[in-house]
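Peer 1: Sequence and computational prediction follow.
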Amino acid sequence: MRTFIAVDASVAGAIAKLQNEIMSAAGWSTRDIKPVETQNFHFTLIFLGEKSDSDVGRIKSKLAEVQFEPFTLTYTGVGAFPKPALARVVWVGVDQEGGQKLTALANDVIAKMGELGFSADKPFSPHMTLFRARSRPVQINNIAAKYLGRTFGSDLIERVHLKKSDLSPSGPIYSNIYTVEAKK
């Protein structure tokens, strides 16, 4: 099964509103970009790829060792990968303090997965994907400037999920396989 470890976003309404604002301001249509569905808003801590049932059992055991306290992050700013002039992915960022806590959590999860021989393909960057470009990159220079410093709600992070991703013609369907709760 195709797996990853993530933290879900709970302010889907505010983020969906932001998506609509950006699409309108940029003049994009769904031919240009694919918006992430509201039920799929999350922060990927590490993508694990195709894993067997025995791998999943080992991942669950190691993930159970992750300990963290609940924390709040605030959604702020809009950016793109690889760069605003040639965006393949458009994302919303988080505030500095929330980003540091999310990065620390991701690094802990990545270290635990490293003990099993799994590695992250790139360093963790605290962002949540809003759109993916379809056939060619889009340009968001003006959009990024428009949303600089704006906030779009806050989230309380208190769960980490091992998720599976089932690919379908309409897009991925994510389901939680295992959840670790924050220590309160």
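Peer 2: Alright, I've got the coordinates.

Peer 1: Distance check, residue 119 against residue 68.
Peer 2: To residue 68, residue 119 is 21 Å away according to Cβ to Cβ, to the nearest Å. Backbone N, C-alpha and C define where each C-beta goes, glycine included.

Peer 1: sorry, that was for residue 166
Peer 2: 28 Å.

Peer 1: Give me the more crowded residue out of the two.
Peer 2: The neighbour count for residue 166 versus residue 68, taken as other Cβ atoms under 10 Å, is higher for residue 68 (19 against 10).

Peer 1: Name the nearest residue to residue 29, ignoring sequence neighbours.
Peer 2: Closest residue in space to residue 29, ignoring its immediate chain neighbours: residue 23 at 7.8 Å, by Cβ to Cβ, 6 or more residues apart in numbering.

Peer 1: go on, residue 58?
Peer 2: Using Cβ to Cβ, 6+ apart, the nearest residue to residue 58 is residue 116, at 5.6 Å.

Peer 1: Near that neighbour, how many other residues are there?
Peer 2: Applying other Cβ under 10 Å, we find 14 residues neighbouring residue 116.

Peer 1: Residue 93 is in contact with residue 148, correct?
Peer 2: No. With contacts counted by Cβ atoms under 8 Å, residue 148 stays clear of residue 93, the gap being 10.2 Å.

Peer 1: These two: which has the busier surroundings?
Peer 2: Regarding residue 148 and residue 93, a neighbour count based on other Cβ under 10 Å identifies residue 93 as having more, with 20 against 11.

Peer 1: ok, the more buried one touching residue 73?
Peer 2: No. Using Cβ under 8 Å, residue 93 is not in contact with residue 73; the gap is 9.7 Å.

Peer 1: shared neighbours of the two, which are they?
Peer 2: 99, 126 (Cβ atoms under 8 Å, 6 or more residues apart in numbering).
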